[in-house]
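**Q** I need the structure of the sequence given here:
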Amino acid sequence: MSVSTPPFWHQAPFTRLLFPLLIGIVSCYYLLHGLFTNALINTGIYITAGVSIAGLICIGKLTTFQKYRYQFLQGLLLQIIFLCLGIVVMQNLLQLRTQETGLIASHKSGAVYVMRLTEPLQLKNKSYKTAAVIESIGHAKQEIKTNIKIIVRLAVDSSPSNIQLLTVGSYIATTIQPSIVPDTHNPGGFNYKVWLFRNGITHQLYLAKGNWTLLPSKKSKQYLQILQQKIRTRLQQNIIGAQEKAVAAALLIGYKQDIDSDLMKAYSNTGVIHVIAISGLHLGLIYGLLIGIFNWMPGSTIKKWIAPPAVLLVLWGFALLTGAGPSIVRAAVMFSFIIIATMVKQNSSILNALAASAFFLLLLHPFYLWDIGFQLSYAAVLSIVLYQKKIYDTIYFKYKWMQACWQLNAITISAQILTLPVVVYHFHQFPNYFLLSNFIVVPLSSIILYGCLLILPFASIAYIGRGLSVTTSWLISSMNWIIQKMNALPYATTSNLQINAFQVGLFFTLIICLSLFIQTQKNKWCFYSLVALLFACCIHSYHYTKAAGLTSITVWFVPKTTKITARYGLGAELPLKASSSAFSIGHTRFLHIGQSAQLINSIREVSKVDILLISNQSKSPIALLAKHFTRALYVFDSSIPLWKMEGWKKEAESLHLRHHFVSQQGAFVHQSSNGKEN
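**A** Numbers count the residues shown, from 1 in each chain. Below you'll find the predicted structure:
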């Protein structure tokens, strides 16, 4: 007699609460917030939630038989409540962003902004970049307390003596009003504005010489950032080699700003970027070490009641020691739920603990859902939980050292199953040598991590500290060398992989259906997986065919530079080559006013223009162009300085001209379905 297996949500009930929460968060962000007012959303949510709660109360007063009869309705009402909860948490966060923007906009001039630096200064593009929190806005008689995060850039030549005194926790004041972060992303590129918005930053501030004042030092509240700075200093003093120091800081506290871009790319191309991104891998190494130590100890009392609190204490201590970055905190919360669930119930479901930790994190910070680290962390852990044992059991080895090697490979292979669609979607590439690189680098990085941890307390001891420093530095140097050599191998990566969010969902459906087919041997799951694969291929073919018939002109955002390219069908982006400043693509007529162009001569070339491409000029060409081209779209490229662009924008608006400023609105793309350059 066969016993039917209960659905997974019976063993992991938190998954039934997590899914409606996710739907609520996503629907509010993409749909409700743009269509309805805040008041209308709040009213609808509270009415819906109130009716659902009242329905649950009514069902709760029924007899046992009647409750069973309305079991489906009870579950549906519960799902609706948590759907409303997801909408509420996201709506409150979006309202907070709107209020912060309105508060800054309401203080036009004369207001003093007092801010506290929260990150070390980084020299980038002839300015020092840092992050800060505006703690107060106002005048001498009226001051408003705030907690608004912004990006701050300080000119290199601004108060050199004060620049040297700026550290994490320093306070500065200025009367310059922060501006909204412009949308400057390029096609297929990283959207910096959206990324900042999801991390709680909507404004930026550029401070030239004399525009800011260093305030007297206060007792800093940035204890974690100060601790992180001390750890960096300790590593700088004891690790040998510039890139070795940078990798050590990344490995231990997640500070990657000092790593060379080529080395960072090599880590990414070989599939081991997670090694230098402080995350669940590092906590997992410590967790595994502690569990192994406690398993050797005799006595069930120690294992059940002493080990879990001790492991939790060490994991959170490590998280704080490394600066408590978002990724390490997420990992600590994940492991905490797993440990607590195991302590409360010996045979607890890890899936339930994972769902509970994700539920808790998304309630606190809904934008974690779009965080790449969050997605990869949970996808990797879930994938290992579901597939690692099945993969390990496929091959048996007689010798224990071979079993250990195969177990490491089984973990690596299983982690790739659910992370593969996410990696391809975000990074558009796949590391072909991921198995070999992880097999070598993960154990090596584990030893390096333990070495860096030992350096912190023992570096001051003469011989021990020196031995740790030399050994750890050599291991880091060796790991970097291995990664660079593997990256130089032919076919290290498969690049230019393009899939959209819907295709990601189809690939997850394919993976799930194939897994169920292998487990149950039921043909219907094989059929469903083939249907998902067919849909994914059809979508790819549609986009491929559509792109083959398009010709596009792109004005890219490259600061202080003019970059205009043309792309014909599936070919590469090529620099625009026109025989004159006037040309046409299909039925669209263009006129390019270059930096060295003679304006009058350019105007004489054409009588009618659809799109004007304008580069930097010594003086504004808008008034003269407007006399001849009133209906054209004016596109101003990123060679135009920001100070000049503001004046030109006001002039274009006063003349009621259609315009697009690349430096503020991002790259401009025009696509035509027929015709090449004429």
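**Q** ok, residue 68 - how many residues close by?
**A** 10 (other C-beta atoms under 10 Å). C-beta here means a position set from N, CA and C on the backbone, and glycine is covered the same way.
**Q** could you measure from it over to residue 17?
**A** 21 Å (C-beta to C-beta, to the nearest Å).
**Q** go on, residue 590?
**A** Distance, residue 590 to residue 17, using C-beta to C-beta: 55 Å.
**Q** ok, residue 523 next?
**A** Distance of residue 523 to residue 17, computed by C-beta to C-beta: 33 Å.
**Q** who's more crowded, these two?
**A** residue 17 (18 against 9).
**Q** ok, residues contacting the strand or helix carrying the more buried one?
**A** Here residue 17 sits within helix 14-27, counting by DSSP states H and E. Contacts of helix 14-27 with the rest of the structure, by C-beta atoms under 8 Å, 6 or more residues apart in numbering, involve 8-9, 75, 78-80, 82-90, 351-352, 355-356, 358-359, 362-363, 366, 369.
**Q** and if you look at stretch 571-591?
**A** Here stretch 571-591 makes contact (C-beta under 8 Å, 6+ apart) with 551, 553-554, 563-568, 592-594, 597, 602-603, 605-606, 608-613, 629, 632, 670, 672-678.
**Q** try 7 Å
**A** For stretch 571-591, contacts defined as C-beta atoms under 7 Å, 6 or more residues apart in numbering pick out 551, 553-554, 564-567, 592-594, 597, 602, 605-606, 608-613, 670, 672, 674-675, 677-678.
**Q** PyMOL command for the buried members of the residues you listed?
**A** A single PyMOL command is used to select the members of the contacts of stretch 571-591 judged buried by 16 or more other C-beta atoms under 10 Å:
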select buried, resi 551+553+554+564+566+567+592+593+594+597+602+606+609+610+611+612+613+670+672+677
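**Q** what segments of the stretch 1-150 of the chain are helices?
**A** Assigned by DSSP state H, counting those that start in this stretch, the helices in the stretch 1-150 of the chain fall at 8-11, 14-27, 33-35, 38-60, 64-69, 71-105.
**Q** and those, which is most packed in?
**A** Most buried of those by mean neighbour count (mean count of other C-beta atoms under 10 Å) is helix 14-27; its value is a mean of 20.
**Q** average model confidence for that one?
**A** The pLDDT scores in helix 14-27 average 91.
**Q** next, the angle helix 71-105 makes with that helix.
**A** Here helix 14-27 runs at 40 degrees with respect to helix 71-105, directions being taken by axes from the mean of the first three to the mean of the last three C-alpha atoms, to 10 degrees.
**Q** how much distance is there from helix 14-27 to the middle of the chain?
**A** 20 Å (C-alpha atoms, centre = their mean, to the nearest Å).
**Q** what comes up buried for the helix or strand that contains residue 528?
**A** According to DSSP H and E, residue 528 maps onto helix 523-548. Counting neighbours by 16+ other C-beta under 10 Å, one finds that the buried residues in helix 523-548 are 525, 528-529, 532-533, 535-536.
**Q** pull the residues that contact stretch 626-635.
**A** 555, 603, 609-614, 652, 655, 657-660, 668.
**Q** try it again with 6 Å
**A** Applying C-beta atoms under 6 Å, 6 or more residues apart in numbering, the contact partners of stretch 626-635 are 555, 603, 609, 611-613, 655, 657-660, 668.
**Q** over to stretch 60-80?
**A** Against stretch 60-80 from outside (C-beta under 6 Å, 6+ apart): 20, 52, 55-56, 59.
**Q** return the closest of those residues with respect to residue 260.
**A** residue 20 (45.1 Å; C-beta to C-beta).
**Q** gap between that closest one and residue 309?
**A** 33 Å.
**Q** same deal with residue 255?
**A** 30 Å.
**Q** which of these two has more residues huddled nearby?
**A** residue 255 (24 against 12).
**Q** test my guess that that one contacts residue 247.
**A** No: applying C-beta atoms under 6 Å, one finds residue 255 not in contact with residue 247, separated by 10.3 Å.
**Q** where does pLDDT dip in the stretch 101-250 of the chain?
**A** By pLDDT under 70, the low-scoring segments of the stretch 101-250 of the chain are 140, 158-162, 218-225.
**Q** ranges for the strands of it?
**A** 112-117, 122-124, 127-138, 143-155, 171-174, 179-180, 201-207, 212-214 (DSSP state E, counting those that start in this stretch).
**Q** mean neighbour count and distance to residue 226 added to those strands, as a markdown table?
**A** Formatted as a markdown table, these follow (neighbours: other C-beta atoms under 10 Å; distance: least, C-beta to C-beta, whole Å):
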| stretch | mean neighbour count | distance to residue 226 |
| --- | --- | --- |
| strand 112-117 | 21 | 11 |
| strand 122-124 | 11 | 17 |
| strand 127-138 | 19 | 15 |
| strand 143-155 | 18 | 18 |
| strand 171-174 | 18 | 14 |
| strand 179-180 | 14 | 29 |
| strand 201-207 | 19 | 21 |
| strand 212-214 | 17 | 18 |
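**Q** so can I have CSV of the ones you listed showing distance to residue 26?
**A** As requested, the strands of the stretch 101-250 of the chain are exported to CSV (distance: least, C-beta to C-beta, whole Å):
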stretch, distance to residue 26
strand 112-117, 33
strand 122-124, 34
strand 127-138, 27
strand 143-155, 24
strand 171-174, 38
strand 179-180, 25
strand 201-207, 21
strand 212-214, 40
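**Q** what's residue 397 in contact with, if anything?
**A** 403, 406.
**Q** so it, which of the three states?
**A** Classification of residue 397 by DSSP: H, G, I helix; E, B strand; the rest coil places it in coil.
**Q** residue 590 too?
**A** Quick answer, by three-state DSSP: residue 590 is strand.
**Q** roughly how far apart are residue 106 and residue 177?
**A** Look at residue 106 and residue 177: by C-beta to C-beta, they are 10 Å apart.
**Q** what about those two, which has more around it?
**A** Taking other C-beta under 10 Å, residue 106 and residue 177 do not tie; residue 177 has more neighbours (16 against 10).
**Q** could you measure from that one over to residue 138?
**A** Distance of residue 177 to residue 138, given as C-beta to C-beta: 13 Å.
**Q** skipping its backbone neighbours, what lies nearest residue 613 in space?
**A** Using C-beta to C-beta, 6 or more residues apart in numbering and skipping the chain neighbours, the partner closest in space to residue 613 is residue 592 (4.4 Å).
**Q** how near is the one you found to residue 373?
**A** To residue 373, residue 592 is 42 Å away according to C-beta to C-beta.
**Q** got it, and residue 242?
**A** Residue 242 is 26 Å from residue 373, by C-beta to C-beta.
**Q** the more surrounded of these two?
**A** A count of neighbours by other C-beta under 10 Å puts residue 373 above the other of residue 242 and residue 373, at 20 against 12.
**Q** ok but the more buried one is inside a strand, no?
**A** No: counting by three-state DSSP, residue 373 is not part of a strand but helix.
**Q** partner strands of the helix or strand containing residue 634 and their direction?
**A** Using DSSP H and E, residue 634 maps to strand 633-636. The strands beside strand 633-636 in its sheet (DSSP bridges) come out as strand 611-614 (parallel), strand 658-661 (parallel).
**Q** hmm, back to that, the next helix or strand along the chain from the helix holding residue 528 - contacts with which helices or strands?
**A** As assigned by DSSP H and E, the chain's next helix or strand after helix 523-548 is strand 551-555. Secondary-structure packing of strand 551-555 (3 or more C-beta pairs under 6 Å, 6 or more residues apart in numbering; DSSP states H and E): strand 564-568, strand 668-672.
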